[in-house]
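> 3D model of this:
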Amino acid sequence: MEKLSLTNKGKQLDIAIIYPPSVKEQNSAILFVHGWTSEKERSYQYAHALSQLGFICFLFDMRGHGKSEGDIKAFTVKDFLDDVLAAYDYLANLNGVDKENISGVGSSFGSYLLALLSSKRNIKNLSLRVPADYRNEDFNISKYKASGSDNPVIVEWRSKARKFNETYALQAIHNYKGNIQIIESEKDTVVPHQTVQNYINAVPDKSRLTHVLLAGAPHSIKAGKFRNDITDILVQWFQDKVQ
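As a prediction, this is how the structure comes out:
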């Protein structure tokens, strides 16, 4: 594992890169985007497993998270998307990375941000675990104020069926042409089934979609059985996608 940092708009972001056992001249890569109040370390198990398939795995802490700089309460959704864009561009310019074969793995808020990223950068495959969604009008306000788990307005909003053109994320998924995996947690109290269903409905070509329901799993996954299950799900889905 290589540990680095990048500076984006005045904030230093902490990076970890996990390389495959055998590095080729051009390698497929995966960008990991963690969830709200989470950190990159929670995806190390997934990244180590996927690196064994031949992927260069790139993980980072968004501003205000983990080891990165900043006050988490001070930033907008747009600020965090800017961090994801900066991370993608850093990864795409690494020696040995095939720019045409970069995939994304996200969790919750990270899944939302990866959906938006897919409309701005080339993403080969998208794996979205418990993908959250947010109102368009909250894009430029403090993410802390728009957080869903303890905001009854957001909780109710997420329980409603949405057309693909109602949110930035659903529109992006509708327009996305690559392969999509959606991992749903059966016992999720943060991202309800209807939000996941909205993502599923937004995919026009269902032959590109893989939907997995993780029985008994909560929203936040700790080390143990469920994290092991997700590792297996990711490896199975990505094993034929390395170039």
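> use CA for all of it now, contacts and neighbours both
Noted.
> sketch out the low-pLDDT regions of the chain for me.
For the chain, the stretches flagged by pLDDT under 70 are 148-150.
> how many other residues sit next to residue 138?
By the criterion of other Cα atoms under 10 Å, residue 138 has 15 neighbours.
> now do the contacts for it.
Each residue near residue 138 by Cα atoms under 8 Å, 6 or more residues apart in numbering is listed here: 77, 146.
> try 10 Å this time
Applying Cα atoms under 10 Å, 6 or more residues apart in numbering to residue 138 gives the contacts 76, 77, 78, 145, 146, 147.
> distance of it from residue 193?
Distance of residue 138 to residue 193, given as Cα to Cα, to the nearest Å: 22 Å.
> what does residue 14 give?
Using Cα to Cα, we find residue 14 at a distance of 33 Å from residue 193.
> between these two, which is the more surrounded one?
More crowded of residue 14 and residue 193, by other Cα under 10 Å: residue 14, with 22 against 19.
> show me what the top strand by length along the chain is packed up against.
With secondary structure taken from DSSP state E, the chain has its longest strand at strand 97-107. Packed against strand 97-107 by the contact rule (3 or more Cα pairs under 10 Å, 6 or more residues apart in numbering; DSSP states H and E) you find strand 27-33, strand 56-60, helix 77-92, helix 109-117, strand 125-129, strand 179-185.
> how about a markdown table for the ones you listed, with mean neighbour count and distance to residue 231 added?
Formatted as a markdown table, the helices and strands packed on strand 97-107 follow (neighbours: other Cα atoms under 10 Å; distance: least, Cα to Cα, whole Å):
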| stretch | mean neighbour count | distance to residue 231 |
| --- | --- | --- |
| strand 27-33 | 27 | 13 |
| strand 56-60 | 27 | 14 |
| helix 77-92 | 19 | 22 |
| helix 109-117 | 26 | 16 |
| strand 125-129 | 25 | 12 |
| strand 179-185 | 22 | 11 |
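> in JSON lines, list those along with distance to residue 226.
Formatted as JSON lines, these follow (distance: least, Cα to Cα, whole Å):
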{"stretch": "strand 27-33", "distance to residue 226": "18"}
{"stretch": "strand 56-60", "distance to residue 226": "20"}
{"stretch": "helix 77-92", "distance to residue 226": "26"}
{"stretch": "helix 109-117", "distance to residue 226": "18"}
{"stretch": "strand 125-129", "distance to residue 226": "12"}
{"stretch": "strand 179-185", "distance to residue 226": "10"}
